[in-house]
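# here are the coordinates; sequence isn't available:
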């Protein structure tokens, strides 16, 4: 039954284009179909209605089919179309006229156009291109991109990065080089990217130059929200309320309201080693914990309901809560060892003093005897004898004077 149905549909598709012609109506393909690169990673499709096409109040539109780089098909009543796509590998599109006649859609033949790939030697374009945006405190958007040189790129290759946002294009002025002095990173501290827009495309174009090869450019499109790294939650506060842990914080720097964010709350028990990560949609949190343990806490944020999920923010700085014995354990052990050592030395000193250990260990050194004889012993004795006789005579003379004085005295 299914095979019969498919055959019937195929037969109808073959017969349908001939029905309008039987009614005297023909459908002609568009003319002057052209493809023009109007900006980085942007192509303008333009055409004109076929001058042989009869109008007669028949609704006419056009069927556009993009074959590469990304397949896409859509209808339009205009005679032009703008598509933003990566063009480094070329672009190919088909176009035909659609005409509605008696509630029957008629189609012309396809016309085709294509753009060749951007010139350059194989494997010379950059690889692993990655970009991240951030909303700054001043409500501007920064951009940071990294990449790796192509495997076929000569050592002297220099890469240059451009970004395009809507119709604004800017070249990077702040590069970071690898050890071979090649540009592998680019930073824009301020861009024209609108922080309040979340569905726009950011075009990154990287070309290069070398003396030995033609460097093939690379273009890549990034959704504005998908590459935004959310800022860290602000003013994280943690405290204990009896047996409960209470935590509060403010939403990250962003034009979105606080209802647009969700958070991950990381809790680590330093005593038991247990780890726990909880998802929270509010800006505060309460949890029953073991108050005898010490914990480290961190919080990070991401978009939740207001826009496409971006990149998780970095974790906030670590905050500790709970008894601080774990932190001072090493210091406490060192203090105990120091006091014990001092007490031991003092005790040993007292015992040594009581038992005169110091005098036994360090006895007094005796005075050395004179082993040298006096070379003039007689002279020494003669001098001493003379001195004694002199002292005797002086004593006698003094006594005589004293006696004479007494004899002549009157009371």
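Thanks, I have the structure now. Please read these numbers as outputs of a predicted model, since none were measured by experiment.

# contacts and neighbour counts: CA atoms only from here.
Fine.

# show me which positions of stretch 36-49 end up buried.
40, 41, 42, 43, 45, 46, 47, 49 (16 or more other CA atoms under 10 Å).

# which one of these is nearest to residue 138?
Nearest to residue 138 among those is residue 40, at 28.3 Å by CA to CA.

# list the contacts of that closest one.
By CA atoms under 8 Å, 6 or more residues apart in numbering, residue 40 lies in contact with 164, 203, 205.

# related to what we said a few turns ago, check the buried residues of stretch 36-49 and tell me the two furthest apart.
Farthest pair in these, by CA to CA: 40 and 49, 28.0 Å.

# residue 98 in helix, strand or coil?
strand (DSSP: H, G, I helix; E, B strand; the rest coil).

# need the contact list for it.
27, 60, 61, 62, 63, 105, 106, 107, 108.

# so which of the residues you listed sit within strands?
60, 61, 62, 63, 105, 106, 107 (DSSP state E).

# spatially nearest residue to the fourth one, not counting backbone neighbours?
Read it as residue 63. Nearest in space to residue 63, with sequence neighbours left out and distances taken as CA to CA, 6 or more residues apart in numbering, is residue 75 at 4.6 Å.

# tell me the secondary structure for that neighbour?
Going by three-state DSSP: residue 75 is strand.

# who's in contact with it?
61, 62, 63, 64 are the contacts of residue 75 under CA under 8 Å, 6+ apart.

# just to revisit the earlier point, looking at the contacts of residue 98, which is nearest residue 249?
Among the contacts of residue 98, and counting by CA to CA, the member closest to residue 249 is residue 63, at 53.0 Å.

# which regions of the protein sit below the pLDDT cut-off?
The model of the chain has pLDDT under 70 over residues 1-24, 55-56, 325-335, 338, 345, 348-349, 352-353, 355-411.

# and it, what are its domains?
Split into domains by automatic domain parsing, the chain comes to 21-115, 127-223, 234-321, 335-360.

# so which of those gets nearest residue 121?
domain 127-223 (5.5 Å).

# ends of the closest one, what's the gap?
19 Å (CA to CA, to the nearest Å).

# same thing with stretch 111-120?
29 Å.

# ditto for stretch 227-246
32 Å.

# contacting residues around that stretch?
Taking CA under 8 Å, 6+ apart as the rule, stretch 227-246 contacts 131-135, 247-254, 284-291, 299-303, 310-316, 319, 321-322.

# and that stretch, which residues are buried?
Buried-residue list, stretch 227-246, by 16+ other CA under 10 Å: 227, 228, 229, 230, 231, 232, 233, 236, 238, 240, 245.

# can you pick out the most distant pair from those?
Most distant of those, by CA to CA, are 227 and 240, 37.0 Å apart.

# hmm, back to that, tell me how far the residue nearest to residue 63 lies from residue 61.
7 Å.

# enumerate every residue touching the one residue sitting closest to the centre of the chain.
Centroid-nearest residue in the chain: residue 314, 7.2 Å away (criterion: CA atoms, centre = their mean). Residue 314 makes contacts with 231, 232, 300, 301, as judged by CA under 8 Å, 6+ apart.

# next up, the contacts around residue 144.
131, 132, 133, 185, 186, 187, 188.

# equivalent analysis for residue 39, please.
Counting by CA under 8 Å, 6+ apart, residue 39 has contacts residue 167.

# residues in a beta bridge with it, which ones?
residue 42 (DSSP bridges).

# what does residue 268 give?
Here residue 268, judged by DSSP bridges, has bridge partners residue 275, residue 296.

# so what's the residue count around it?
Counted by other CA atoms under 10 Å, the residues lying close to residue 268 total 17.

# with residue 61 instead?
Neighbours of residue 61 (other CA under 10 Å): 18.

# and for residue 301?
27.

# hey, what's it bridged with?
Beta-bridge partners of residue 301, as defined by DSSP bridges: residue 263.

# that one and residue 161: what is the separation?
30 Å.

# now the helices for the stretch 251-400 of the chain?
329-354, 357-361, 377-407 (DSSP state H, counting those that start in this stretch).

# hang on, the earlier thing: now the contacts of residue 98: which count as buried?
Here, 16+ other CA under 10 Å leaves 27, 60, 61, 62, 63, 106, 107, 108 buried among the contacts of residue 98.

# quick check: chain neighbours aside, which residue is closest to the fourth one?
Going back to what we said before, that points to residue 62. Residue 62 sits nearest to residue 97 (CA to CA, 6+ apart), 4.6 Å away.

# next: the first one.
In this structure, residue 27 finds its nearest non-sequential neighbour in residue 108, 5.1 Å apart by CA to CA, 6+ apart.

# and if you look at the third one?
Computed as CA to CA, 6+ apart, the closest residue to residue 61 that is not its neighbour in sequence is residue 77, at 4.4 Å.

# list the contacts of the one you found.
Counting by CA under 8 Å, 6+ apart, residue 77 has contacts 60, 61, 62.

# dump those residues to JSON lines, plus distance to residue 87.
Listed next are the contacts of residue 77 as JSON lines, based on distance: CA to CA, whole Å:
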{"residue": "60", "distance to residue 87": "30"}
{"residue": "61", "distance to residue 87": "26"}
{"residue": "62", "distance to residue 87": "23"}
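
# which of the residues you listed lies closest to residue 117?
residue 62 (26.0 Å).

# what is the neighbour count of residue 194?
The burial count for residue 194: 14, using other CA under 10 Å.

# which strand or helix spans it?
Assessed by DSSP states H and E, residue 194 sits outside every helix and strand.

# any idea how far it lies from residue 84?
On the measure of CA to CA, residue 194 and residue 84 end up 18 Å apart.

# then residue 178?
For residue 178, the distance to residue 84 - CA to CA - is 32 Å.

# more crowded one of these two?
Neighbour count, other CA under 10 Å: between residue 178 and residue 84, residue 84 has more, with 18 against 11.

# circling back to that earlier point, of all the contacts of residue 40, which comes closest to residue 120?
residue 205 (14.2 Å).
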